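Visitor: Test case, fold it:
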Amino acid sequence: MPSKQDHPIDLTGHLLIATPGLEDDLFGGSVVYVCEHNAQGALGLIINKTTDINVRHLFSRLELSLARDDLADLPVLMGGPLHQDRGFVLHEAHVLEGEKQYASSLPVTAGLAMTSSKDVMNDMSQGIGPRKALMALGCSSWDEGQLESELAANAWLTVQTDADWLFTLTPSERYAKAFQLLGVDPLRMVSTPGHA
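Guide: Numbering: from 1, shown residues only. Presented below is the predicted three-dimensional model:
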């Protein structure tokens, strides 16, 4: 029998895809990118639901200019129900010798990090910093064992993805494309599991 310290699955760097049977105002129909998953719980960002502001507006609210036309019109994501007054930036992170590290940055996978400190946005406002980024207000988290329970209840499907997938699709495309990664047609799924 595994001890409580053992953690059999690590979904860091995976997508959580809400199954059609997940009836929740926020998480229903959502795709969550898992930034951290360990024995203490999980942390992620909803990547297919947007707020009513774009990146230019967000930077204006923070009294920052934005020297990045490629980011200005991107929608700011609704990252989750927690800390909705805080910004979270999921971005490329090529760690080179001597490269600046951000104050509150969580390495996710090779080449990808999530930063919640304003210094990354300060860099981006000056046209430096990560070239590819998604910005969200709020985050999603699960306590110890909570995500595993939701997976066992068939609330989520999971699949691993890469940074290119995250940065080349619009938020409205991500739910259907996530199912395509699995080779599953969501319209053919039943909302309740069967029993033999």
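
Visitor: for the chain, what spans make up the strands?
Guide: 14-18, 31-38, 41-46, 50-54, 75-78, 82-92, 105-109, 112-115, 133-143, 156-160 (DSSP state E).

Visitor: Rounded mean pLDDT for the first one, please.
Guide: Strand 14-18 comes out with an average pLDDT of 97.

Visitor: And the third one, by the same measure?
Guide: The average pLDDT within strand 41-46 is 97.

Visitor: on contacts alone, who are the packing partners of that strand?
Guide: strand 31-38, strand 75-78, strand 133-143, helix 146-152 (3 or more C-beta pairs under 8 Å, 6 or more residues apart in numbering; DSSP states H and E). (Each C-beta comes from the backbone N, C-alpha and C, glycine too.)

Visitor: could you redo the last one with a cut-off of 6 Å?
Guide: Strand 41-46 makes packing contacts with strand 31-38, strand 133-143 when contacts are defined by 3 or more C-beta pairs under 6 Å, 6 or more residues apart in numbering; DSSP states H and E.

Visitor: Over to the fifth one?
Guide: The contact analysis (3+ C-beta pairs under 6 Å, 6+ apart) places strand 75-78 against strand 50-54, strand 133-143.

Visitor: The second one too?
Guide: Using 3+ C-beta pairs under 6 Å, 6+ apart as the contact definition, the elements that strand 31-38 packs against are strand 14-18, strand 41-46, helix 171-182.

Visitor: List the buried residues in the second one.
Guide: Read that as strand 41-46. 42-46 (16 or more other C-beta atoms under 10 Å).

Visitor: What residue, apart from its backbone neighbours, is nearest residue 10 spatially?
Guide: Beyond its immediate neighbours in the sequence, the residue positioned closest to residue 10 (C-beta to C-beta, 6 or more residues apart in numbering) is residue 37, lying 5.4 Å away.
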